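A.B. asks: Below: sequence and its predicted model.
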There are 2 protein chains.
Amino acid sequence: MKIEIEARQLDAPGNPTKLNICRIPVRAGPNGLPVGRVKEPFGLAASTLSHHIGRLVGTGLVTKNRQGSTFIPRANYRPMIALLGYLQDECCADETCFLNEEIPAA
Amino acid sequence: MKIEIEARQLDAPGNPTKLNICRIPVRAGPNGLPVGRVKEPFGLAASTLSHHIGRLVGTGLVTKNRQGSTFIPRANYRPMIALLGYLQDECCADETCFLNEEIPAA
DNA sequence: ACGTTATTTCGATGAAAATCGAAATAGAAG
DNA sequence: CTTCTATTTCGATTTTCATCGAAATAACGT
């Protein structure tokens, strides 16, 4: 069920903690940033962080690669873009939505 | 706190039921669609639907106007677009994100 | 092999969300 | 002004989530 997936992907950043965690791999870029490096700023237990990253990976929006002893989460751009596209399509289901005139810079 | 708001807005469609409900005003367009008209397809109690719509309004993504004895939820496009813009900015924090090359049609 | 570091898995707990049914409210229509 | 319809509010229940600490796992350096 497609809507199941989309809903889960939208839920992934659905609270401040989760949104912050989602931003880590996105902002880190292709080099990535070890998971543990971002633990302290948020004051989360390692297990909590791991839990969130695991769910994030479960949505498909993020992948995780082992690099030696650390894990590097990376943004999975294709599904992210797909999700954005879906949201835009939904949003513009109504032809009077001004997005159909003023296209915001990407 | 900006991130609080964004997280709440992302959570609003954060499960299949909520996503379906979010889509109602968006797809109905400016004429809107009475809340109760969409209750049956989802098999939700009226009170549950009301609860979800109330939260949706709380995020700012949707407004609700009384029209006679029924309520019409309507998409609030400005904040929706703002949210999309935010997501795109986040997503493209990394200059290698291909969105910075292939700009998808809006 | 051994200890170190990074992370996950497990089990528990408190907090929040989703859901319902019943009763309340607010217009509309007689 | 009573009844009907649409929706909300309330209170209770079940389910799901966020979080932690402790123990397990996995690669690394020695």
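C.D. replies: All right, it came through fine. For clarity, every value in this text was computed on a predicted model and none was experimentally measured.

A.B. asks: need the residues of chain A near DNA strand C, please.
C.D. replies: With the criterion set to CB under 7 Å from any atom of the strand, chain A comes near DNA strand C through A:34-37, A:39, A:46-47, A:49-51, A:53-54, A:64, A:69-71. Yep, even glycine has a C-beta here, placed from its N, CA and C like the rest.

A.B. asks: and the residue most central in space within chain A, what element?
C.D. replies: Residue closest to the mean C-alpha point of chain A, counted by CA atoms, centre = their mean, is residue A:22 at 4.5 Å. Take DSSP states H and E as the rule and residue A:22 turns out to sit in helix A:16-28.

A.B. asks: quick one: average pLDDT of that helix?
C.D. replies: In this model, helix A:16-28 has an average pLDDT of 89.

A.B. asks: quick check, that helix touching chain B?
C.D. replies: Yes. Residues of helix A:16-28 are located near chain B by CB under 8 Å from any CB of the partner chain, namely A:16, A:18, A:19, A:20, A:23, A:26, A:27, A:28.

A.B. asks: isn't the third one right up against residue B:7?
C.D. replies: Yes. Counting by CB atoms under 8 Å, residue A:19 sits close enough to residue B:7 to count as a contact (4.5 Å).

A.B. asks: who's more crowded, those two?
C.D. replies: A count of neighbours by other CB atoms under 10 Å in any protein chain shown puts residue B:7 above the other of residue A:19 and residue B:7, at 22 against 19.

A.B. asks: How are the helices of chain A distributed by residue range?
C.D. replies: Secondary structure of chain A (DSSP state H): helices at A:2-11, A:16-28, A:39-42, A:46-59, A:77-91.

A.B. asks: lowest confidence element among the helices and strands of chain A?
C.D. replies: Lowest mean confidence among the helices and strands of chain A (mean pLDDT, DSSP states H and E): helix A:39-42, at a mean of 74.

A.B. asks: returning to that earlier point: how about the contacts made by the residue nearest to the centre of chain A?
C.D. replies: A:12, A:13, A:56, A:61, A:62 (CB atoms under 8 Å, 6 or more residues apart in numbering or on different chains).
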